[in-house]
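Asks: Need coordinates for the below:
(one chain, ligands or ions: 2)
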Amino acid sequence: MSDDAPDPAAGPAHPPSSELFSEERSADVVAASFAATPDPRLRQVMTSLVRHLHDFVKDVELTEREWAAAIEFLTATGQACTSTRQEFILLSDVLGASMLVETLNNRAGGGLTESTVEGPFHMVASPRRELGADIAEDGKGVPCLVTGSVAGPDGRPVPDATVDVWQANDEGFYDVQQPGVQPDLNLRGLFTADGEGRFWFRSIVPRHYPIPQDGPVGRLLEATARHANRPAHIHFEVSAPGYRTVTTHLFVAGTPFIDSDAVFGVKPSLVREFPTVDDPERAAAAGLPNPFRTVNFDVVLRPDTETGTADREA
Ligand code: BEZ
Ligand code: FE
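Replies: Numbers count the residues shown, from 1 in each chain. Ligands and ions are numbered 1, 2, ... in the order given. Here you go, the predicted structure:
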């Protein structure tokens, strides 16, 4: 084989561009190299990515030192990932990319319950519990009765829906962040709604908390004078056969950081008052000390048959 014969092992060359790389035409030349991508979606994504990346580099006139720092940052982000920590998702969260992808793919409207980020603390399966159970295994915190229902958009109840909940404690920590301090599986529960789609359980009012700050994402927040806090919330994942699962939160009205969530997860439709009830009879009926707080969350699921999303796989 002569020196200038193409090496078959190298795979097909990208389509020849009519031009060589230049500052002015950089995006066109590089985008053209993807023109023969067989998967049309991959071609569209790569072409757009190249155009936006080149625009960005030109917009800020990126220096070589800055590009090296960016690569170092992304390398550190990857190196911080373990089987229980996903620093890239955290990066996506603080850049608002998680919320944007999630919002584009779960357009709600029409009374459907809006979704929000899942977050990294759903890493253990919630324990199955009976309706009415207390998920606050250590009994610490301000007691709260959580009630709600699951229905379709026509208002008809969804019997036997699965309601998975997890939340931080009154100091702003999940059980997995405090092994040996909180009981395992504290403040988690997997419930089955009753025949009329209703669910209820006992818990405590969660506290706001900071996302993990001891890695590259924390350093980014610090360098950009951003705080790391999330407003107080309870996570819900509600599913039922024939419906799309909704992953969402219930936010505590009036919680600190409700207007500046570090991961942009707040949607006004998900904020609820947690009023205090001072009624010994109701407290006794609920199995809670008096007074106690209450919150109600009525969930409306999207039938599987409706897409209403940007999902291309359907
Ligand atoms: C959470 O709510 O658990 C969470 C979401 C995104 C990043 C960190 C935590
Ligand atoms: Fe959370």
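Asks: where does Phe56 fall, phi/psi-wise?
Replies: The phi and psi values for Phe56, taken as degrees, to the nearest 10, are phi -60, psi -50.
Asks: Enumerate every residue touching it.
Replies: Each residue near Phe56 by C-beta atoms under 8 Å, 6 or more residues apart in numbering is listed here: Leu62. C-beta here means a position set from N, CA and C on the backbone, and glycine is covered the same way.
Asks: mind running it again at 7 Å?
Replies: If a contact means C-beta atoms under 7 Å, 6 or more residues apart in numbering, then Phe56 has no contacts.
Asks: How many residues are close by the residue of the stretch 101-250 of the chain found nearest ligand 1?
Replies: When you check the stretch 101-250 of the chain against ligand 1 by C-beta to the nearest ligand atom, the closest residue turns out to be Gly119, at 2.6 Å. The local packing of Gly119 (other C-beta atoms under 10 Å) involves 21 other residues.
Asks: From Gly111, how far off is the closest residue to Asp259 other than its chain neighbours?
Replies: Closest residue to Asp259 in three dimensions, ignoring its sequence neighbours and counting by C-beta to C-beta, 6 or more residues apart in numbering: Val266, at 7.6 Å. For Val266, the distance to Gly111 under the criterion C-beta to C-beta, to the nearest Å works out to 19 Å.
Asks: Name the residue in those two with the higher neighbour count.
Replies: Per other C-beta under 10 Å, whichever of Val266 and Gly111 has more neighbours is Val266, with 21 against 12.
Asks: who touches that one in this structure?
Replies: Applying C-beta under 7 Å, 6+ apart to Val266 gives the contacts Pro231, Phe251, Ile258.
Asks: again, 8 Å this time
Replies: With C-beta under 8 Å, 6+ apart as the criterion, the residues that contact Val266 are Thr116, Pro231, Phe251, Ile258, Asp259.
Asks: ok, now which ones touch the residue nearest to the spatial centre of the chain?
Replies: Nearest residue to the geometric centre of the chain (C-alpha atoms, centre = their mean): Val117, 1.7 Å. By C-beta under 8 Å, 6+ apart, Val117 lies in contact with Asp93, Ser98, Met99, Glu102, Thr247, Val263, Gly265.
Asks: Repeat the analysis, applying 7 Å as the threshold.
Replies: Asp93, Ser98, Met99, Glu102, Val263, Gly265.
Asks: Buried ones among these?
Replies: Buried by 16 or more other C-beta atoms under 10 Å: Asp93, Ser98, Met99, Glu102, Val263, Gly265, out of these.
Asks: Strands of the stretch 1-150 of the chain, residue ranges please.
Replies: Using DSSP state E, counting those that start in this stretch, the strands assigned to the stretch 1-150 of the chain run over residues 143-151.
Asks: and Thr113, how many neighbours does it have?
Replies: 21.
Asks: Please apply the same query to Ser115.
Replies: Applying other C-beta under 10 Å, we find 25 residues neighbouring Ser115.
Asks: With Trp166 instead?
Replies: Close neighbours of Trp166, defined as other C-beta under 10 Å, add up to 25.
Asks: My read is that it contacts His233, right?
Replies: No. Assessed by C-beta atoms under 7 Å, Trp166 is found out of contact with His233, at 10.3 Å.
Asks: near ligand 1, which residues of the stretch 51-200 of the chain show up?
Replies: Leu90, Asp93, Val117, Gly119, Pro120, Phe121 (C-beta under 6 Å from any ligand atom).
Asks: re earlier: in helices, which of the contacts of Val117 appear?
Replies: Secondary-structure check on the contacts of Val117 using DSSP state H: residues within helices are Asp93, Ser98, Met99, Glu102.
Asks: and Pro212, helix, strand or coil?
Replies: Three-state secondary structure (criterion: DSSP: H, G, I helix; E, B strand; the rest coil) places Pro212 in coil.
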